[in-house]
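1. Using only what follows, build the 3D model:
(one chain, ligands or ions: 1)
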Amino acid sequence: MSLIKIEDIAHVRFSAPDLDEMERFVVAFGLSPMRESEDLLIARGAGPWPVLHVTERGEARFVAIGFRAESLADLEKLAASEGASVEDLNWPGGGKVVRLTDPDGILVEVVAGQVQAQTLALPEEPQRNTARAYPRQRLRVRLAPGPSTVLRLGHAVLEVSDFRRSEAWYKARFGFVTSDEIEAAPGFAIGAFLRCDRGDTPTDHHTLFLLQSPRAPALNHAAFEVTHFDDLRLGHDHLARDGRTPAWGIGRHILGSQIFDYWKDPFGNELEHWTDGDLFTVEDGSNTASLQDLLGVQWGPAFPNSL
Ligand SMILES: [Fe+2]
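-> Down below sits the predicted model:
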């Protein structure tokens, strides 16, 4: 049994020397920024959560990953067990936070009690005519060019120095369930896709992926859900026109099945747009998979570089 069960990933936090440059990027990426002060940039998506992406002024680096607990009572429980304190979260939506450090020194911010914001308008989603059904009749598809509409943060991939050690640390505290464990050779696991334990409520195939890597500790990427495939594709064209740096995509993953599109922000952090991912319950259990499954695609360009 884990100490608490987290609901979802909440935010990723960075520091960067030029917040204006980061703000221009997050707008092009499809987030809605708020400049809280000269030294703090916070961005939300169209969903109800007030904070998805945080940048403070400083050297360019990844600062923290945030998860959302079910309740303030769970934060208290976590803080008591870890010898940490429950602090006020001084961001839009307020709430409380417990800050922990994982075995590689990665800052983990567990939040609860945030007030949800008004959701933002979603783009039109045209119905699709396929061989099996032609629901769109006497209607044209006309899409507005522009950034994708980011709905929420869906997952992050952390590079860790010892997969088993980190897996034990995160599972003991937060109740993650393995979806797919990646074996570099039979019986030798180097990482795993972990989903939240939401009982019989379907949840994303992965909320956290831990990958053993010589680059540890590092954020490999953070992944934001967009509203649908056309929205992802429009966002790709917008980022390209805006002169942004593509990293990998557009394609469909094998593990998790989502349609993906990876980009670099101006400070070298990698962010993903995704849509149409798998959802599983606890009952769906765990699998093992290969590096080929991890890096292969069902369609789209091959993985461009080594991990
Ligand atoms: Fe991803």
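2. switch to C-alpha atoms for all contacts and neighbour counts from now on
-> OK.
3. From the rest of the structure, what touches stretch 229-243?
-> 28-30, 123, 125, 145-149, 226, 245-246, 250, 259, 261, 273-276 (CA atoms under 8 Å, 6 or more residues apart in numbering).
4. Confirm Pro304 sits in a strand?
-> No: using DSSP: H, G, I helix; E, B strand; the rest coil, the assignment for Pro304 is coil, not a strand.
5. That one: how many residues sit nearby?
-> Applying other CA atoms under 10 Å, we find 10 residues neighbouring Pro304.
6. Once you drop chain neighbours, what's closest to it?
-> The shortest distance from Pro304 to any non-neighbouring residue, by CA to CA, 6 or more residues apart in numbering, is to Trp248 (6.7 Å).
7. so which helix or strand takes in the one you found?
-> strand 245-253 (DSSP states H and E).
8. picking up where we left off before, could you turn the buried ones of the contacts of stretch 229-243 into a ChimeraX selection?
-> Buried members of the contacts of stretch 229-243, defined by 16 or more other CA atoms under 10 Å, are picked up in ChimeraX with:
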select :28,29,30,146,147,148,149,226,246,250,259,261,273,274,275,276
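9. just to revisit the earlier point, list the helices and strands the strand holding Trp248 packs on?
-> Under the contact criterion of 3 or more CA pairs under 8 Å, 6 or more residues apart in numbering; DSSP states H and E, strand 245-253 touches helix 229-241, strand 259-264, strand 297-299.
10. Looking at those, which one is packed in the most?
-> strand 259-264 (a mean of 22; mean count of other CA atoms under 10 Å).
11. Just the mean pLDDT for that one, thanks.
-> For strand 259-264, mean pLDDT rounds to 98.
12. Straight-line length of stretch 103-122, end to end?
-> End-to-end distance of stretch 103-122 (CA to CA, to the nearest Å): 39 Å.
13. Which positions in it come out as buried?
-> Of all the residues in stretch 103-122, those buried under the rule 16+ other CA under 10 Å are 103, 106-114, 122.
14. In JSON lines, list these along with distance to Thr288 and pLDDT.
-> As requested, these are exported to JSON lines (distance: CA to CA, whole Å; pLDDT from 0 to 100):
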{"residue": "Pro103", "distance to Thr288": "24", "pLDDT": "98"}
{"residue": "Ile106", "distance to Thr288": "26", "pLDDT": "98"}
{"residue": "Leu107", "distance to Thr288": "28", "pLDDT": "98"}
{"residue": "Val108", "distance to Thr288": "27", "pLDDT": "98"}
{"residue": "Glu109", "distance to Thr288": "29", "pLDDT": "98"}
{"residue": "Val110", "distance to Thr288": "29", "pLDDT": "98"}
{"residue": "Val111", "distance to Thr288": "31", "pLDDT": "98"}
{"residue": "Ala112", "distance to Thr288": "33", "pLDDT": "98"}
{"residue": "Gly113", "distance to Thr288": "36", "pLDDT": "98"}
{"residue": "Gln114", "distance to Thr288": "36", "pLDDT": "98"}
{"residue": "Leu122", "distance to Thr288": "36", "pLDDT": "96"}
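15. Which two of those have the greatest separation?
-> Spanning the widest gap among those are Pro103 and Leu122, at 39.2 Å by CA to CA.
16. Filter the contacts of stretch 229-243 down to the ones in helices?
-> Members of the contacts of stretch 229-243 lying in helices (criterion: DSSP state H): 28-29.
17. What's the per-residue pLDDT of Met1 here?
-> 86.
18. any idea how far it lies from Leu232?
-> Computed as CA to CA, the Met1 to Leu232 distance reads 38 Å.
19. Tell me how far the closest residue to Gln118 other than its chain neighbours lies from Arg35.
-> Nearest residue to Gln118, sequence neighbours excluded (CA to CA, 6+ apart): Pro48, at 5.9 Å. With distances taken as CA to CA, Pro48 is found 18 Å from Arg35.
20. Can you tell me which residue is spatially central in the chain?
-> Centroid-nearest residue in the chain: His155, 2.7 Å away (criterion: CA atoms, centre = their mean).
21. Who is that one paired with across the strands?
-> Ala223 (DSSP bridges).
22. wouldn't it be in contact with Leu219 here?
-> No: between His155 and Leu219 there is no contact, the gap being 11.2 Å when judged by CA atoms under 8 Å.
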